[in-house]
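K.L.:
from the sequence below, what's the structure:
(chains A and B)
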Amino acid sequence: MKPSVNSLKNETLQQPENVISQADSSVGHESFLAKEVSATRFIKIIFLWVVAGAVLVVGVNLWIDIYGLFRPVSNRSLPVYYNERVSKYLLSKNYIPEKFNTVIVGTSLSANLDISEFNNDQDKLKIYNASLMGANISELRPVADNLVEGGIKRMIICFSPYMIKNSGSKEVEFGPKLYIGALGSKNLLDTYIVGLIRHYDLMPAKFPRNQINEFGVNRFGDLYKVENVKEKIEKVIKADKELTVDSIALHELQLFIQKLKDEHIQFVGYFHPIPAEVLASKRKEYEHFEHTVRQFVNDDNKLINFNTSEFEHFTTDYSNYIDHGHLSVKGQGILTKILVAEHTRRYPL
Amino acid sequence: MLFNSVEFIFIFLPVTLAGYFFLTHRNYHRESKIWLFLASLFFYGWWNPKYLILILTSITINFLTARSIARTEDQRIKKSILIPGILFNIGLLVYYKYANFFISNFNFAAQTDFNLLNIILPLGISFYTFQQIAFLVDSYKGMVKEFDFVYYGAFVTFFPQLISGPISHHKELMPQMLDQSKAHINMMNIVKGIFVFNMGLAKKIIIADTFGKIANVGYSNVELLSLPQSWVTSFAYTVQLYFDFSGYSDMAIGLGLLFNIDIPVNFRSPHKSESIQQFYRRWHITLSNFMRNYIYIPLGGNQSSEFRTNVNLLLTFLIGGLWHGANWTFVIWGALNGLALVVHRLFQKTKINLNHYLAIGITFLFVMIVRIFFRANEFSTAVEVLKTMFGFKSPSGSFPLVSTFFDAPIWLAGIILLFLPNSGELTEKFKTSYRFATIMVLLILVNMVFMNSVAKQDFLYFDF
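P.N.:
Numbers count the residues shown, from 1 in each chain, chains lettered A, B, ... in the order given. As a prediction, the model looks like this:
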């Protein structure tokens, strides 16, 4: 005894086309939606409607062009609404290279560095923060590759051991499919939804308006700031989490730096200022990481280490931090001034 | 090649269909089956060409064995051909699917250190092996009359059902392949095929994959799950598995229709079942049929004592569990289901009638809970989830199981759809009206949008 997909199958398999066609003429009194047509006509209708619908969907998305891929961007400001990885990857294809000449690349430690004020119209410096929250080097490289291909020649790189903690892309597969997704995809739909939520400030606690602005600055400080930084630091030290090194990620870091050198990118790399107590608890690991990066870069003039005695006043001041590593507005202000000044001094515009 | 991939939908399928009907249109019926056979082999080889040799060897040996059985009159000789034939199939399955399981268990029991074999489970081996065992047994019983290698090869490898079923029986598919009245293009079947395929696709890429995200996060962070999160994780997996597998089956049925081949239904709203017995009459129906006809009945079925019937049930479900995977978790899952059926049989004797909704609720809860063993990679993981669910364990930290609520409409739709008419019932109502045209266009457009999204998950039953 076989259950059948459609008991009407037998009849449909034998059903001549004209039997269905007869129905066309006998449903005049029925509503339009209930009107039956022949199977051939039905397929034609489906085909035409699907093509029309697809053209409409693609057309609307081309017109909105939330990632600046399809229309000129010179007069447009494109913030990131949702999915920082996908958004910044797509923005790095056209928007960032077209509008900026300097880019910050790094993990969450640099993602909130507010460089908006350096983008005044009268300045030659146009700087974008392309850092990604929670990213490893495998996720940063595709963005950096796009930027280099797009003609970006100036970079500030935040080096931190978190870049090589693991490898591979955790959330998305970077590649051409993401561009096609910009014409209509679930991610794009989610982005629109969050964009509207942010625009109308419907969920300020979760999706604050302008969280990642048109310069790529991720203002996550208000969302993640801990009440007592000292306490948080003590907790992290007590937890004593290992700073693991992924061998694939380490190799990718080497390739990344090599590419910057091969492409003659004018870059300044910096070792993020770690709170003094956290640094003291993991000094060996941090020093090892620094040593590795110095070997890869092979030019100490391109590197700034904020974890030396010279910056102890910074790393011992809790007010520079919002937690055990990310910087407060005050901390960012100090750091960005130093970084931009150093970069401009070394590579005048 | 996944059914939900661009290369399948926009290249492989149209080319295969066009070639097939081009040949049938010119009355090259045998050639059209050769074409279908080759196309299906290409579909299979896309995953790993190396395993084409395996499937072709399996098909050839089974075909020759079955033909030898059919040509022999002497029952004893027939049996002496059949048994090695079945052993060959079981041997293949044991080697590719269970060898490492046996080695690791032997290592554990005997404290030895034999190396595990470097074996990749060939896609669909559990499905095509069962199909061919049935063919051998039915040849032995004299139920197979036609022996044509091309048609047999086209039947076993027929790509819509090759990888994950439904486990089509030769009695269902081969006569249709031989039937020349079904060889010509049928627009109504094309329309219906597209409709059923898109329903299946939507089940998979919209609903199953959305619930799958929750289940995957939950099962990757078992130690962090809170009590409500452990329930949500288990529930999400239950919904995911249903929509994933029934979605695949729908796609297979839809694809079959395009070729005028009626592939048997595999699901009939299993989560509307009032008992575990009813559940397995509605869940993975083709496997249940196979287990009943080729394991349960040969064991004696319910024709002897009550005790023996219960033992047969338990054995059948233990084998069913092991069929799903070489892991003790599957054995436990099978045993629990078998036990539940035994308990259900005993309960039926009490003549107590449970309230309809209560019965559905109990059945759903039972299925959901035992599926933890089905999903967990290790026994300890399953126990940890169960402990958390029933308040015997607290999480070692906290984490967000669900980070955003954009998918809430899909969650809601998924839950509601569990209890609404199923895709088979909807297909029966299908008409070539503007109402259905509108539904179909929306379905196709939404599917296209979801297909164009980044994350793509394999079908769960590919693992079996």
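
K.L.:
use CA for all of it now, contacts and neighbours both
P.N.:
Will do.

K.L.:
residues contacting whatever residue of the stretch 51-200 of chain A ends up closest to chain B?
P.N.:
As assessed by C-alpha to the nearest C-alpha, chain B sits closest to A:Ser185 within the stretch 51-200 of chain A, at 4.5 Å. Going by C-alpha atoms under 8 Å, 6 or more residues apart in numbering or on different chains, A:Ser185 touches B:Met448, B:Val449, B:Phe450, B:Met451, B:Asn452, B:Ser453.

K.L.:
how close does A:Phe56 sit to A:Val194?
P.N.:
No, residue A:56 isn't Phe; it's Leu. In this view, A:Leu56 and A:Val194 are 22 Å apart by C-alpha to C-alpha, to the nearest Å.

K.L.:
neighbour count: the two, which is higher?
P.N.:
A:Val194 (23 against 12; other C-alpha atoms under 10 Å in any protein chain shown).

K.L.:
element containing the more buried one, please.
P.N.:
helix A:186-199 (DSSP states H and E).

K.L.:
tell me what that helix is packed against?
P.N.:
Of the remaining helices and strands, none touches helix A:186-199 by 3 or more C-alpha pairs under 8 Å, 6 or more residues apart in numbering or on different chains; DSSP states H and E.

K.L.:
outside of stretch A:292-310 itself, list whatever touches it.
P.N.:
Stretch A:292-310 is contacted from outside by A:254, A:257-258, A:267-274, A:276, A:279, A:315, using C-alpha under 8 Å, 6+ apart.

K.L.:
let me know the closest of these to B:Gln240.
P.N.:
A:Gln254 (41.0 Å; C-alpha to C-alpha).

K.L.:
tally of neighbours for the closest one?
P.N.:
Applying other C-alpha under 10 Å, we find 17 residues neighbouring A:Gln254.

K.L.:
helices along the stretch 251-400 of chain B, start to end?
P.N.:
Along the stretch 251-400 of chain B, counting by DSSP state H, counting those that start in this stretch, helices occupy B:276-282, B:285-291, B:306-324, B:328-349, B:356-375, B:379-389.

K.L.:
got a markdown table for the ones you listed, with distance to A:Glu117, mean pLDDT and mean neighbour count too?
P.N.:
Formatted as a markdown table, those follow (distance: least, C-alpha to C-alpha, whole Å; pLDDT from 0 to 100; neighbours: other C-alpha atoms under 10 Å in any protein chain shown):
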| stretch | distance to A:Glu117 | mean pLDDT | mean neighbour count |
| --- | --- | --- | --- |
| helix B:276-282 | 64 | 95 | 20 |
| helix B:285-291 | 66 | 91 | 20 |
| helix B:306-324 | 60 | 92 | 20 |
| helix B:328-349 | 59 | 93 | 19 |
| helix B:356-375 | 52 | 95 | 19 |
| helix B:379-389 | 50 | 94 | 19 |
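
K.L.:
so the helix or strand hosting B:Ala134 versus helix B:306-324, what angle?
P.N.:
Taking DSSP H and E as the criterion, B:Ala134 maps to helix B:125-140. Interaxial angle, helix B:125-140 versus helix B:306-324 (axes from the mean of the first three to the mean of the last three C-alpha atoms, to 10 degrees): 130 degrees.

K.L.:
where do the strands of the stretch 151-300 of chain A begin and end?
P.N.:
A:154-159, A:266-271 (DSSP state E, counting those that start in this stretch).

K.L.:
need the nearest residue in space to the residue of the stretch 51-200 of chain A closest to chain B, chain neighbours excluded.
P.N.:
Excluding the flanking residues, the one nearest A:Ser185 by C-alpha to C-alpha, 6 or more residues apart in numbering or on different chains is B:Val449, at 4.5 Å.

K.L.:
and for the helix or strand containing that neighbour, what's in contact with it?
P.N.:
According to DSSP H and E, B:Val449 maps onto helix B:434-451. Contact partners of helix B:434-451, identified using C-alpha under 8 Å, 6+ apart, comprise A:32-37, A:42, A:45-46, A:49-50, A:53-54, A:184-186, B:4-6, B:195, B:198-199, B:201-202, B:205-206, B:430.

K.L.:
quick one: buried ones out of those?
P.N.:
A:34-37, A:42, A:45-46, A:49-50, A:53-54, A:184-186, B:4, B:195, B:198-199, B:201-202, B:205-206, B:430 (16 or more other C-alpha atoms under 10 Å in any protein chain shown).

K.L.:
which ones are touching B:Ser230?
P.N.:
B:Gly218, B:Val222, B:Val385, B:Leu386, B:Thr388, B:Met389.

K.L.:
distance between the strand or helix carrying it and the chain's centre?
P.N.:
B:Ser230 belongs to helix B:227-258 when assigned by DSSP H and E. Distance, stretch centre to chain centre, for helix B:227-258: 11 Å (C-alpha atoms, centre = their mean, to the nearest Å).

K.L.:
which parts of it are buried?
P.N.:
B:227, B:229-258.

K.L.:
swap in stretch B:100-116?
P.N.:
B:Asn100, B:Phe101, B:Phe102, B:Ile103, B:Ser104.
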